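Q: sequence plus the predicted model coming up.
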Amino acid sequence: MEGNNIKNFLRKYMMLIAMVVVVIVFYFLTGGKSLLPQNINNVISQNAYVFVLGTGMLLCILTGGNIDLSVGSVVCLAGGVGAIIMTKNLPWPVAFIAMLVMGLLVGMWHGFWIAFVKVPPFIATLVGMLAFRGLANVIMQGFAYQVEDKAFLNIFGGGDSCYVPDFLAGIGPESSINKTCMIVAVLVAIGYAIFTFINRSRLIKKGYKVDSLISVIIKTILIVAVVIWLGYKLANYKGIPTVLIWIALVLGIFAYITSKTTLGRNLYAVGGNEKATRLSGINTKLVMFSAYTLMGLLAGFAGVLNIARLMGSQPTYGLGYEMDAIAACFIGGASAYGGTGTIGGVIIGAALCGIINQGMVIANTPPNYQTVVKGLVLLVAVLFDVIMQMRRKGSQKNAEAKTEKGGAKA
Amino acid sequence: MAKVLLEMKSITKTFPGVKALDNVNLQVEEGEIHALVGENGAGKSTLMNVLSGIYPHGTYEGDIVYDGEVCEFHNIKDSEKKGIVIIHQELALIPYMTIGENMFLGNEQGSKWCIDWNKTYAEADKYLAMVGLSDSSKTLIKDIGTGKQQLVEIAKALAKNAKLLILDEPTSSLNETDSRALLDLMKKLQKEEGMTMIIISHKLNEVSYVADKITVVRDGSTIETLDAKTEQISEARIIKGMVGREITDRFPKRHDVKIGETLMEVKNWTVFHPEFAERKVVDDVSINVRSGEVVGIYGLMGAGRTELAMSIFGRSYGIGISGTLKLRGQEVTLKSPKQAIAEGLAYVTEDRKGNGLVLSNSIKTNTTLANLKAISKATFIDKDKEYLVAEEYKQKLRTKTPSVEQLVGNLSGGNQQKVLLAKWMFADPDVLILDEPTRGIDVGAKYEIYCIINDLAKAGKSVVMISSELPEVIGMSDRIYIMNQAKIVGEMPASEATQENIMACIVGVGGESAAADNKGGEA
C-alpha cells in the first residue's frame, strides 16, 4: 500500500516535480540569472498568450481530442482589427470590444461548421488558419500599425508602466520593495490557506472522505510558500504585472466553468462518450459549438494582450501560437482522445514551456536547438502520459479482480 | 481412460493485494470439450491468460503440464508453438482486410521477404472449408456477419496448428442460429479432427449442450468438475456450483402491484433504416404499457426491437418515422432525447459501454448526467447534492464500489449496469425502456436487477423490457409482445406464455412477412 501511495503521488504531481527540476537545472546553467526578478516577470508577460489560448484549447481538446489550428491567425486578425480602430483615434474600449467580438464571431464560425455540419475540426480550423491569416493581411494591407493609447497599453500589459501602481509606497518603512505586490501575495496566500481548511472541515462535517491532514498541510505550505516567493520576486522588480491579473482572471473563470458548471460537465462527457451523452438528453452539438465559440473569444482576448505587449500589430503576429497552446495542454496532462485534462494542467504546461524557453535564451542555447528541445519536451510529456495509461490499465485489472472478488463473496 | 492433454496444478496467481487464483487445478483430457463456468470475476479468464502465456511464467505459482511436459510460457507465441490457441471474446479481426489476410496475420505464408499470396489464399480456403464457411477467402471481413467472423477466428486458430483451442465466450455476440452453428462446429471438430477444446461461457444451455466436462470456478478456486458424459447435469445444478447456493427462484415475484392506466401508447409506428432508406426496420408496430406493468418485448437480434425503442426515444434512431405516440393519454412529438426525457421517458441502452456510460468519468457524474438540472442552479452544479444523490443510488441498488468517485470503466459489467440504471432512475421517468438489461452479467447480479425492475413497477412506473432470453421474458413480464422481422407478431399475457408458443409466433409468421417484403419490393 505504501508503494502504491508513492506511485499515486508521482502520477499526480509528476509534471510539477518536472517543473521544479527544470527550474533548478536552469538556475545552475544560467548561474542564477534565470531566477532574477526581472526574468520571472518576463516569463509571465511573454507567455500570457499561452495561458489564455491554452485554456481555450483545453475546451476543444476535452470534447474529444479536437484541436483548433486557427488560433494564431485569429490572434493576428483580432489584433489587427483593434490596432486599426485605435489608430483611427476611437476610444480603446471600442477596440477592445471589437476584438472580443471578432474572436467570438470566428469561434462561432468554426463551431457552426464543426458542430452542425460535421466538418472534421482539424480541417475546419485549418481552413480558418489560412483564411483568417489572409483576412488579417487584407485588412492591414500588409502594413504594421502602432498602438499608442497609453491607457490601453497599461491596462493590458504593454508599455513602460504596465504594472499595478504601488498604492502603499508611502506607508511604512522606506524600502525599494513594491509593498502592494508583497501584501497582495501575502493576502492571497493566507486566503488560500484559510479557504483550504474551512473547506476541509466543511467536508469532514458532512462525512466525506478527505485527504489526510498531513498531506493537506504540506500541500498548503508549499503553495503558500510559492505564492509568497513569487510575490517577493515580483515586488523586487516593478510589482504585479497587469497581465498577471488578466491571466488569473481567465484561468479562474474557466477553472470554475470546467469543474463546477453543467457546461463543463458536458464538455468532459462529450469527450468521454459522445453517443451516451447525446442519449442522456444533452445537446452535444451545442456543447461542441460552445467549446469552439469560447476558444474564439479567448483567441480574441489573446489578440488584445498580444497587441498591448508588442505595442502594435503586424500581419505576421501570432504565427505558431496554436502549437504553443496545444503543447501546453498536452504537457499539462490533457488526453489526446478527450475527456480528461484540467485548467491546472494547462497552467503547469504553459509555465513549463515558458520556463524552458526563457532558460534556454538566458543560457545562450543556439536558437535552432531551442525548437528541438521544445519538441522533445512535448514528446517526453506525452510519453509519460502513455506509460502511465498502460500502468493504470494493469492496475485497473487488479482493482477489478479485487472488487469483483469482494462482491462475489458478499 | 483417455490421455490427459493438459494439467494445471495448484495454480495461484496474486495481484498486489488480491489472490485472483487460489490453488486452481484443471485437468483436460485429449479430445474432450471442457467447459469453464463461473460468475464474472471468478477467475476463468485469468486462468486462461495464465495458460496462454499472457501472464508469463514466474508471475504465478504452480505448474502447467501439457502433453506430458512441464511448460514455461513467456508469451503467447510460446504457447501457440505448442498448439494452444486462445480465441478472445472480442474478435481480433481487421475489418478492411480479407479473410485470408486476417487468417495469416503474423503467420504469413511464403518467405520472410515475399508473401506468397497464392499459397495464403489456397491455405485459407482449405481451413474455411474445414469450418464450413463457403465465402471466398478474398472477402473483406467487414462484409461478413459476426457469426461468420467467429468462424473465421476458429479457422485462423486451426491455421496455427492448434491442438488445444480455448474459446472465451464465443457466442456472446451471436444470435441463436449462429450460436447453434458454432456449437455444432465445435462438436464436428472434436469428432473429425480430435480437437481438444476449452469453452468459457455464461450461457448454461450451451454449456450443457456441448460440454463433456464442466469445471466450476468460484472466487478464484475450482469448486468441482462435473462429468456430463456419465450423468445428466441440469442447469440448476451448475448454478448451484457457481453461486454456492441454490437459487430456487431465478425471477423474484411481484406482490401487490396495482396496474393502473395506460402511460405510453405507440400506434402504427414505422421506421426506416438510416442508410438503406427503403428498408423498414420497424413496420406498423403498435404497443402500449400501463403504470405498474412490466411489458416484455421478445425477439431475436435484428428483429427491430432496439430500433423501435430508440426511435420512440426522441427519434435517436432511423429516418422517415411515422406513427403516433401518446404519453399519459396526450399525443406528443419527441424530436430529441432531451425532449423525451423531459416528457418522462427513459431508454436504458443494451450497449452500456458504447451508448450508455462515460467510462472515463466517475460513478457520480454518470449518475447525474441525464438530469443535471436537478442538482444545479442556473448551470452551477451543487457538488454536495450530487455526491449525496450518487451515494443514495449506490446504496439503493447495492452497487459494489469503494466510492462513488470510482471511474465507471473500472467496474464489472453488473455494477456498470447498476450505474446505468441509477442514471435513468434519477432522471425520474414514468416509462422506462430497458434494452437487454441483464446482458453479459452474472446470475447473482441478474437477480438484483430483476428486484430493481420489480421495485420500479411497484412505484407505479411502466417498464418495457426488451430481451432475447426467453426464460427472462416469461419470468419477469406481465404481458409479452413478440417481435420478428420488424413487426409485432404476437401478444400474450405472461400467464399463457411458454417457450413453445412464443417460438411458434416467430416461426409461424416467417413466411408471411417474407411475402409482405416481396410485395413491398414490387410496389
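A: Good, I have the coordinates.
Q: pull up the residues of the stretch 151-300 of chain A that are close to chain B.
A: Proximity of the stretch 151-300 of chain A to chain B, by Cβ under 8 Å from any Cβ of the partner chain, involves residues A:206, A:208-209, A:260-263, A:265-266, A:268-269, A:271-273, A:275-283. C-beta coordinates here come from the backbone N, C-alpha and C atoms, glycine included.
Q: just the buried residues out of those, in ChimeraX syntax.
A: Selection of buried members from these for ChimeraX, criterion 16 or more other Cβ atoms under 10 Å in any protein chain shown:
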select /A:208,260,261,262,263,265,266,268,269,271,272,273,275,276,277,278,279,280,281,282,283
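Q: where does pLDDT dip in chain A?
A: A:1-5, A:11, A:160, A:385, A:388-389, A:391-410 (pLDDT under 70).
Q: about what we covered before: quick one: which of the residues of the stretch 151-300 of chain A next to chain B sit in strands?
A: Judged by DSSP state E, those include no members of strands.
Q: what's the one helix or strand residue B:326 maps to in contact with?
A: Per DSSP states H and E, residue B:326 falls inside strand B:319-327. The contact list for strand B:319-327 (Cβ atoms under 8 Å, 6 or more residues apart in numbering or on different chains) reads B:262-274, B:277, B:284-285, B:311-312, B:315, B:331-334, B:343-345, B:430-431.
Q: off-centre distance for that strand?
A: The offset between the C-alpha centroid of strand B:319-327 and the centroid of the whole chain comes to 29 Å, using Cα atoms, centre = their mean, to the nearest Å.
Q: partners of it in the sheet?
A: strand B:262-272 (antiparallel), strand B:330-332 (antiparallel) (DSSP bridges).
Q: isn't residue B:387 up against residue B:394?
A: No: counting by Cβ atoms under 8 Å, residue B:387 does not reach residue B:394; the two are 10.4 Å apart.
Q: residue B:464 touches residue B:437, doesn't it?
A: No: with contacts counted by Cβ under 8 Å, residue B:464 stays clear of residue B:437, the gap being 10.6 Å.
Q: what about the helices in the stretch 1-150 of chain B?
A: Assigned by DSSP state H, counting those that start in this stretch, the helices in the stretch 1-150 of chain B fall at B:44-51, B:76-81, B:99-103, B:117-130, B:146-159.
Q: same thing with the stretch 251-400 of chain A?
A: A:262-272, A:274-279, A:284-310, A:321-331, A:343-362, A:367-409.
Q: what do you get for the stretch 101-250 of chain A?
A: Using DSSP H, counting those that start in this stretch, helices in the stretch 101-250 of chain A cover A:121-140, A:150-155, A:179-205, A:213-236, A:242-260.
Q: among these, which comes closest to residue B:51?
A: Nearest of the helices of the stretch 101-250 of chain A to residue B:51, taken as Cβ to Cβ: helix A:213-236 at 42.8 Å.
Q: how far off helix A:179-205 does the closest one point, in degrees?
A: 170 degrees (axes from the mean of the first three to the mean of the last three Cα atoms, to 10 degrees).
Q: list of residues touching helix A:213-236?
A: Residues contacting helix A:213-236 (Cβ under 8 Å, 6+ apart): A:35, A:37, A:40-41, A:176-179, A:181-182, A:184-186, A:188-190, A:192-193, A:196-197, A:200, A:210-211, A:240-241, A:244.
Q: of these, buried ones?
A: A:40-41, A:177-179, A:181-182, A:184-185, A:188-189, A:193, A:196, A:200, A:240-241, A:244.
Q: burial check on the nearest residue to residue B:279 once chain neighbours are set aside, number of neighbours?
A: In this structure, residue B:279 finds its nearest non-sequential neighbour in residue B:273, 4.1 Å apart by Cβ to Cβ, 6 or more residues apart in numbering or on different chains. By other Cβ atoms under 10 Å in any protein chain shown, the residues close to residue B:273 number 18.
Q: low-confidence stretches in the stretch 151-300 of chain B?
A: Residues of the stretch 151-300 of chain B that meet the cut-off, pLDDT under 70, sit at B:245-248.
Q: any residues of it in contact with chain A? List them.
A: B:218-220.
Q: okay, and which of those residues map to strands?
A: residue B:218.
Q: now the residues of the stretch 151-300 of chain B next to chain A in a markdown table, with neighbour count?
A: Shown next, in a markdown table, are these (neighbours: other Cβ atoms under 10 Å in any protein chain shown):
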| residue | neighbour count |
| --- | --- |
| B:218 | 19 |
| B:219 | 20 |
| B:220 | 27 |
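Q: which of the residues of the stretch 151-300 of chain B next to chain A lies closest to residue B:457?
A: residue B:218 (31.9 Å).
Q: so what's that closest one bridging to?
A: residue B:221.
Q: report the contact partners of it.
A: Per Cβ under 8 Å, 6+ apart, neighbours of residue B:218: A:408, B:38-39, B:42, B:241-244.
Q: contacting residues around residue A:335?
A: Applying Cβ under 8 Å, 6+ apart, the residues contacting residue A:335 are A:61, A:65, A:271, A:341, A:385, B:360.
Q: rebuild these as TSV, extending it with distance to residue B:46.
A: Below are the contacts of residue A:335 laid out as TSV (distance: Cβ to Cβ, whole Å):
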residue	distance to residue B:46
A:61	36
A:65	33
A:271	32
A:341	33
A:385	28
B:360	25
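Q: quick revisit: filter the contacts of strand B:319-327 down to the buried ones.
A: Here, 16+ other Cβ under 10 Å leaves B:262-266, B:269-273, B:285, B:311-312, B:315, B:332, B:334, B:343-345, B:430-431 buried among the contacts of strand B:319-327.
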